[in-house]
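Student: Got a predicted structure here, sequence first:
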Amino acid sequence: MEIDYRAAINAISDVVQNRPAPIREFDQIYMKTGDMVAMSIFMAERFADLDLVFIGDGDGIALSIAHLVQEKVLERGPKSMLILDFDERIVNSIVRFADHYKLEGQIGAVLYNVIDPLPKTVIGCKGAFYTNPPWGASNDGESVLAFLERGMEAVTPGGLGAVVIADDASLPWTQDVLHRTQEHALRTGFIVGEMVPTWHLYHLDDAPDLKSCAMLLRGVRVESMPTRSEPLPHERRRNFYGRDNPLRHRYVREKKTLNYGRAPEDTYFLEALET
């Protein structure tokens, strides 16, 4: 299919406008718009007609895919998408967007934290998963594995997955985490079916050139795949969001407002014209 990239960028701009401001403390670092377009098209093609679960989605890739299909920029995408995220602002923004653009039934969002077992209605029933987790620079990739395992627990035998993590050959920690992630996937019954290295850029002030890769997984050893979901042990929560920043909060809660989509009044003031 030939893509109208102007229409695609305009559609993704609706999603970007809808996203809440990122909280850096929780490694919420948003992908840049051009790479969101490319990633959404990539994901829609790979996971077309599948029930897809997102283990976190601050970037807004799920909404981007749904909106591109709705606007007829793409011919098809996943059959359904469910986003599990610990940030109530993100969950509510997805619900509001879906309501505004009549996407109910195609996309939904639920408040969830990876420290908890997956909801029973999700375990082992999805065709594919997607995650762009905290990249694990300070915990040897443990945060990546936590999100990865939740995705693996969600899919049916032989299911598919996509993991987006840091990839920069000049930064050894990114290669160590990438190696550990692939090794863990293999032990859990998955193989790397496809990989696009050093692909995406982010709004990251202290490392503007740091890129991520897209790694696609395919379950091949059914007997090794997870069959249940357990709480995340305390020892795996250390340095989860960076050095000396453990996973210690269950949810980010949203403060209610009547002015969604408008600038918060505590971020500006008005100066009257001189008379």
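Tutor: Now that the structure is in, tell me what you want to look at.
Student: What residues does the residue nearest to the spatial centre of the chain make contact with?
Tutor: Residue closest to the average C-alpha location in the chain (C-alpha atoms, centre = their mean): residue 57, at 3.0 Å. Counting by C-beta atoms under 8 Å, 6 or more residues apart in numbering, residue 57 makes contact with 63, 83, 85, 90, 94, 130, 132. Yep, even glycine has a C-beta here, placed from its N, CA and C like the rest.
Student: Where does it sit: helix, strand or coil?
Tutor: Recorded secondary structure, residue 57: coil (DSSP: H, G, I helix; E, B strand; the rest coil).
Student: coming back round to it: for the contacts of residue 57, name the two members farthest from one another.
Tutor: Largest separation among these by C-beta to C-beta: 94 and 132, giving 15.2 Å.
Student: Buried residues in the host helix or strand of residue 186, which are they?
Tutor: Following DSSP states H and E, one finds residue 186 within helix 172-187. Buried residues in helix 172-187, counted by 16 or more other C-beta atoms under 10 Å: 174, 177, 178, 180, 181, 182, 184, 185.
Student: Between those, which sits nearest residue 36?
Tutor: Taking C-beta to C-beta as the measure, residue 174 is the one of the buried residues of helix 172-187 closest to residue 36, at 20.8 Å.
Student: Would you confirm that the closest one contacts residue 144?
Tutor: No: with contact defined as C-beta atoms under 8 Å, residue 174 does not reach residue 144; the gap is 10.7 Å.
Student: what's the overlap in contacts for the two?
Tutor: Counting by C-beta under 8 Å, 6+ apart, the shared contacts of residue 174 and residue 144 are 135, 165.
Student: For the residue lying closest to residue 50 once chain neighbours are set aside, report the pLDDT, please.
Tutor: The shortest distance from residue 50 to any non-neighbouring residue, by C-beta to C-beta, 6 or more residues apart in numbering, is to residue 127 (3.4 Å). We have a pLDDT of 98 for residue 127.
Student: Then residue 105?
Tutor: Reported pLDDT at residue 105 in the predicted model: 86.
Student: my guess is residue 103 contacts residue 94, does it?
Tutor: No: the criterion here is C-beta under 8 Å, and residue 103 misses it with residue 94 at 9.1 Å.
Student: Local confidence estimate at residue 261?
Tutor: pLDDT, residue 261: 61.
Student: again with the one 4 residues further on
Tutor: Here, the pLDDT recorded for residue 265 equals 68.
Student: same thing with the one 4 residues further on?
Tutor: On pLDDT, residue 269 comes in at 74.
Student: And the one 4 residues further on, by the same measure?
Tutor: Listed pLDDT for residue 273 reads 78.
Student: Check the secondary structure at it for me.
Tutor: Put simply, residue 273 is coil when judged by three-state DSSP.
Student: part of a strand, is residue 81?
Tutor: Yes: when three-state DSSP is applied, residue 81 is found to be in a strand.
Student: Spit out the contact partners of it.
Tutor: The contact partners of residue 81, by C-beta under 8 Å, 6+ apart, come to 52, 53, 54, 62, 65, 66, 106, 107, 108.
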